[in-house]
Structures are given as C-alpha cells and as structure tokens.
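# Please work out how this folds:
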Amino acid sequence: MRRYYEFAIAVILIGILSLMLLQALGRTGNEMEEAGVQADAAAIRMGLIEVVAHRETFGGNLPKSDNPLDWVATRPERYLGEVDGMPDSTSVWYFDRRAKELVYRFRDGHRARFKLSRDGNVDSPRAVVAGVGLLRLEDQ
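Prediction:
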C-alpha cells in the first residue's frame, strides 16, 4: 500500500513540474514573438532611414503613402497588405487603412501598433532622420 502512495506523490509532483514547465514555455514563446516584432520594426526603421538618406543626398520626393511598407524595399514575413479592419489571422502584419497604422497581431490576440511619423515633433529621436520615423504606439 505504501508504494501506491509513493507512486501517487511522484505522479502529482511530475504533474506540477510539467505544468510549471508548460507555463514557462508559453511565456518564452510570447517573448520570442515580441522579439521578432521588434526585429521587424527595426528593419523597417532602417529601410525608412535609407529612403530619407537617399532623398537627402540625391534629392527627390518622399512617398506620399502613410504605409511605411510602401516606403521600404522589403516587407516582413506574413504581411497581409492593406486592410480596413482587423483580420481573423494571428501572427501577421497588416496596414489598417482607417487608423493609418502598421499593426502586428500576436498569437494571443493583442496588437503592436506602429505609425509613420513625418514631422520633427518626435519624443523619441531614435531612428528618426529628417523628421521621418516609425513610432510604436501603445499595444492593444
């Protein structure tokens, strides 16, 4: 009978440790997804800087579009394009035409929103050239 109690305690301990491991893996997955979004945003910012630097050096006009991905040569993986509302898909990039925001929708449904800045009134001068930059708005 004692072995049954020992076995039951071992199963309970393994179950609790497994649950804790799964929760930690879930948090790590969310953090990895956030890191990917930040890396994609940094690449878009670099593309914007390249466009503005080219214009400053050689002249010409900047694109008229409010979609920062119309300005840059490369687009993030899983970019859906310009849409009028939130798509059903998750882990995707899209440009919301109504809000004029570049959005990444995470697996858990919350959204990272970015807006193209064209003026010099930027609180964070990071990655801003000639007033043009990609600003991250509050997540929703």
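
# Only C-alpha atoms from now on, for both contacts and neighbour counts.
Will do.

# mind listing what's buried in the top strand by length along the chain?
In the chain, assigned by DSSP state E, the strand with the most residues is strand 111-117. Using 16 or more other CA atoms under 10 Å as the test for burial, strand 111-117 gives R111, A112, R113, F114, K115, L116, S117.

# Which residue ranges of this protein form helices?
Remark: helices assigned in the chain by DSSP state H are 2-58.

# Point to the residue nearest the middle of it.
In the chain, the residue lying closest to the centroid (CA atoms, centre = their mean) is V37, at 3.0 Å.

# where does the closest residue to that residue other than its chain neighbours land on pLDDT?
Excluding the flanking residues, the one nearest V37 by CA to CA, 6 or more residues apart in numbering is Y104, at 7.4 Å. For Y104, the pLDDT comes out at 96.

# same question, the one 3 residues further on
Looking at R107, its pLDDT is 91.

# Same question for the one 5 residues further on.
Reading off the per-residue confidence, A112 sits at a pLDDT of 94.

# Report the separation between it and L22.
According to CA to CA, to the nearest Å, A112 and L22 sit 25 Å apart.
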